[in-house]
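> Only the shape, not the letters, is given here:
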């Protein structure tokens with residue numbers, strides 16, 4: 001099987017995968033598609049033709065090349081006929097084709113086979129399995145809290161798509177899996193989406209196709225739904241009274257229940273994203289005005305959502321009653337109205353910040369101006385505190401507070417509460433830098449760049465045959481020996497998730513010659529998963545949920561370890577502390593998670609087993 005991959009890779013150098021015909025693709029790798037047992041049969045059953053798109057998509061996945069709309073023009077077609085209907089395969093097939101190329105099912109199966117550190121059928125110690133796991137995203141990636149998504153909306157500017165493109169650049173840190181832009185022009189919606197970074201998805205020719213004076217955009221990291229082209233937003237749907245596009249930042253807690261109900265009533269789904277539920281609810285609403293349809297829809301949603309909608313003549317922004325995820329409103333000098341997840345996007349396109357979109361609020365922008373209404377009865381705001389710890393850019397104002405000032409203060413508190421004798425303070429770039437500056441200033445110790453982050457590491461990489469210890473971390477972070485050798489080093493990071501990456505960073509610094517390594521974490525210990533738009537490991541995988549601070553210190557190999565106390569974090573927030581969600585630190589959830597989701601199950605037996613294995617691994621059981 002591996003030989004066939006390598007052979008096909010050599011053949012692939014001669015021509016791009018998009019030029020492969022159905023027979024060429026299948027003949028070139030007759031067994032390649034066997035990773036999905038029902039590959040050929042399923043594709044013919046669902047799509048009524050040979051399975052070339054799946055073969056092409058799979059080979060492109062192997063060769064590390066991302067597909068865009070040019071690989072299948074069907075991806076830019078709006079989702080039609082299937083929303084809220086049940087009319088058989090006649091209408092089912094176009095809907096499947098509309099959001100994405102048809103290779104998604106095979107890719108999803110392929111990803112499942114090649115996910116994690118141990119590949120099914122290969123074993124952890126198999127070098128081929130290790131190589132594939134590294135190449136296809138295994139390794140340390142699960143030890144990071146992932147950014148969620150970023151949304152943009154613009155109304156009333158002749159260069160709406162280009163401004164949306166620039167604003168998405170400013171929000172790139174919130175999602176790197178995919179990007180998309182939808183525009184309204186001459187009474188029709190147009191959309192282009194693709195996998196990869198904003199600069200990889202869009203070029204001048206594609207932006208030229210997105211004409212119009214209003215647009216919405218989205219950058220994605222999946223929190224609900226697999227990473228595949230068909231899940232990249234904005235989603236566009238046609239329904240009885242027109243078309244609508246939506247871009248969503250957040251996560252719907254009751255998504256599964258809503259989807260099951262809709263499917264029982266005949267709705268056909270084309271993606272695995274929770275956002276598609278919103279389109280179905282809009283389509284089946286009995287209300288005639290579009291605004292009332294949105295209100296009816298939001299009344300049924302539970303969880304986190306900051307959304308922007310685009311119709312032929314309106315731009316609508318909506319935020320959930322708790323205000324979990326940020327959404328701000330600004331205005332350009334020409335009067336164009338802009339919505340964005342962070343103020344840094346407004347800054348780049350020279351829009352002036354006006355205010356936040358309030359929790360429970362729906363704002364409608366059209367030719368008549370801006371109007372606002374309240375969705376639901378007022379609830380106490382529960383804004384995500386992790387926006388200030390990790391997600392947002394330091395130059396943004398989020399929930400009315402400066403992100404830079406918050407992180408700087410967190411670092412100062414660490415220096416006050418848990419001081420240690422040291423020679424130098426360094427940060428784990430990039431999110432730990434501002435807190436490290438605050439720590440160094442308060443402690444009176446110089447801050448230096450002891451770790452250099454590589455900004456050019458791709459999503460996939462191939463490890464040499466002679467295995468390199470801590471390969472993934474070394475690719476991303478390089479120690480500066482001149483700063484570290486012989487020094488007592490304080491390392492400031494934003495959080496510890498599973499602990500595996502922290503242990504490798506500590507080892508990396510010690511191997512560079514540091515005499516002592518003291519870890520200081522600018523957040524409280526994470527003891528619970530997030531269900532409101534952040535992709536975190538299950539509760540049982542979180543090291544602070546199963547180990548004490550001292551045992552965690554032994555696990556990562558640091559000379560000392562300290563976290564920002566939760567009480568001190570609340571003191572920084574002052575009177576606003578009750579309006580922030582700290583469920584990942586306290587375990588107190590504003591909206592109870594659904595018990596049916598395995599991510600939410602807190603099995604004490606599993607937790608104890610993980611704890612025991614972790615302690616044994618460092619010899620402290």
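Cool, got the structure. In this text the structure is predicted, and so the values were computed from the model without any measurement. Residues are numbered from 1 along each chain as shown.
> Not counting sequence-adjacent ones, nearest residue to residue 287?
residue 293 (5.1 Å; Cβ to Cβ, 6 or more residues apart in numbering). Placement of C-beta: from N, CA and C, glycine included.
> Looks like the one you found contacts residue 280 (just checking).
No. In this structure, residue 293 is not within contact of residue 280 by Cβ atoms under 8 Å, at 11.4 Å.
> Those two: who's more crowded?
residue 280 (25 against 21; other Cβ atoms under 10 Å).
> so what secondary structure elements neighbour whatever helix or strand the more buried one lives in?
Residue 280 is part of helix 275-284, with elements assigned from DSSP states H and E. If you count contacts as 3 or more Cβ pairs under 8 Å, 6 or more residues apart in numbering; DSSP states H and E, helix 275-284 packs onto strand 235-239, strand 242-252, helix 255-264, helix 290-298.
> List the buried residues for the third one?
Residues 255, 258, 259, 262 are the ones in helix 255-264 that count as buried (16 or more other Cβ atoms under 10 Å).
> What sits closest to the first one if chain neighbours are left out?
The one in question is residue 255. Distance criterion Cβ to Cβ, 6+ apart; nearest residue to residue 255, sequence neighbours excluded, is residue 274 at 3.8 Å.
> can you check the second one too?
Excluding its sequence neighbours, the residue lying closest to residue 258 (Cβ to Cβ, 6+ apart) is residue 277, at 4.9 Å.
> same question, the last one
Nearest residue to residue 262, sequence neighbours excluded (Cβ to Cβ, 6+ apart): residue 280, at 5.0 Å.
> And that neighbour, how far from residue 233?
15 Å (Cβ to Cβ, to the nearest Å).
> The residue nearest to residue 255 is in contact with residue 252, isn't it?
Yes. With contacts counted by Cβ under 8 Å, residue 274 reaches residue 252, the gap being 4.4 Å.
> more neighbours, the two?
A side-by-side neighbour count of residue 274 and residue 252, using other Cβ under 10 Å, places residue 252 first with 27 against 24.
> Beta-bridge partners for that one, please?
For residue 252, the beta-bridge partners are residue 303 (DSSP bridges).
> Which residues are in contact with the nearest residue to residue 197 once chain neighbours are set aside?
Once flanking residues are discounted, residue 197 sits nearest to residue 176: 5.9 Å by Cβ to Cβ, 6+ apart. Applying Cβ atoms under 8 Å, 6 or more residues apart in numbering, we find residue 176 in contact with 147, 196, 197, 219, 221.
> likewise residue 403?
Listed by Cβ under 8 Å, 6+ apart, the contact set of residue 403 reads 387, 388, 392, 393, 394, 395, 396, 397.
> Against residue 385, how distant is it?
Here the criterion is Cβ to Cβ. By it, residue 403 lies 11 Å from residue 385.
> Can you tell me how far residue 399 is from residue 317?
16 Å.
> and what of residue 490?
42 Å.
> Residue 438 now?
According to Cβ to Cβ, residue 438 and residue 317 sit 34 Å apart.
> helices and strands of the chain: which one bottoms out on pLDDT?
Here the helix or strand of the chain ranked lowest by mean pLDDT, DSSP states H and E is helix 89-99, holding a mean of 33.
> Who are the contact partners of the closest residue to residue 315 other than its chain neighbours?
Spatial nearest neighbour of residue 315, chain neighbours left out: residue 155 (3.9 Å); criterion: Cβ to Cβ, 6+ apart. The contact partners of residue 155, by Cβ under 8 Å, 6+ apart, come to 213, 214, 315, 336, 337, 365, 366.
> Which of the residues you listed sits closest to residue 190?
Nearest to residue 190 among the contacts of residue 155: residue 214, at 11.3 Å, using Cβ to Cβ.
> about what we covered before: now render the buried residues of helix 255-264 as JSON lines, adding pLDDT.
Shown next, in JSON lines, are the buried residues of helix 255-264 (pLDDT from 0 to 100):
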{"residue": "255", "pLDDT": "92"}
{"residue": "258", "pLDDT": "95"}
{"residue": "259", "pLDDT": "95"}
{"residue": "262", "pLDDT": "95"}
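> got a markdown table for the residues you listed, with distance to residue 547 too?
As requested, the buried residues of helix 255-264 are exported to a markdown table (distance: Cβ to Cβ, whole Å):
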| residue | distance to residue 547 |
| --- | --- |
| 255 | 32 |
| 258 | 37 |
| 259 | 36 |
| 262 | 42 |
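> Specify which residue of residue 490 and residue 317 has the higher count of neighbours.
Comparing residue 490 with residue 317 by other Cβ under 10 Å, the one with more neighbours is residue 490, at 31 against 25.
> Residue 184: what secondary structure?
Local secondary structure at residue 184 is given as strand here, using DSSP: H, G, I helix; E, B strand; the rest coil.
> go on, residue 570?
Secondary structure, three-state DSSP: residue 570 is helix.
> now residue 376
Under three-state DSSP, residue 376 falls in the coil class.
> likewise the one 4 residues further on?
Per three-state DSSP, the secondary structure class of residue 380 is coil.
> Just to check, it is in contact with residue 581?
No. Checked against Cβ under 8 Å, the pair residue 380 and residue 581 is beyond contact range at 10.3 Å.
> Pick out whichever of these two has more residues nearby.
Between residue 380 and residue 581, residue 581 has the larger neighbour count (other Cβ under 10 Å), namely 24 against 11.
> For the residue nearest to the more buried one when sequence neighbours are not counted, grab the count of nearby residues.
Excluding the flanking residues, the one nearest residue 581 by Cβ to Cβ, 6+ apart is residue 382, at 4.1 Å. Here the number of neighbours of residue 382 (other Cβ under 10 Å) works out to 24.
> Indicate which one of the helices and strands packed on helix 275-284 is closest to residue 430.
For residue 430, the closest of the helices and strands packed on helix 275-284 is strand 242-252, at 20.8 Å, according to Cβ to Cβ.
> just checking, what packs against the closest one?
Other helices and strands packing on strand 242-252, by 3+ Cβ pairs under 8 Å, 6+ apart, are strand 149-155, strand 178-185, strand 188-195, strand 214-220, strand 235-239, helix 275-284, strand 303-310.
> low pLDDT regions in the stretch 351-500 of the chain?
Within the stretch 351-500 of the chain, the stretches with pLDDT under 70 are 457-467.
> Show me the helices in it, by range?
Assigned by DSSP state H, counting those that start in this stretch, the helices in the stretch 351-500 of the chain fall at 386, 403-417, 433-443, 471-476, 481-484, 500-511.
> Could you give the number of residues near residue 185?
Using other Cβ under 10 Å as the criterion, the residues surrounding residue 185 number 17.
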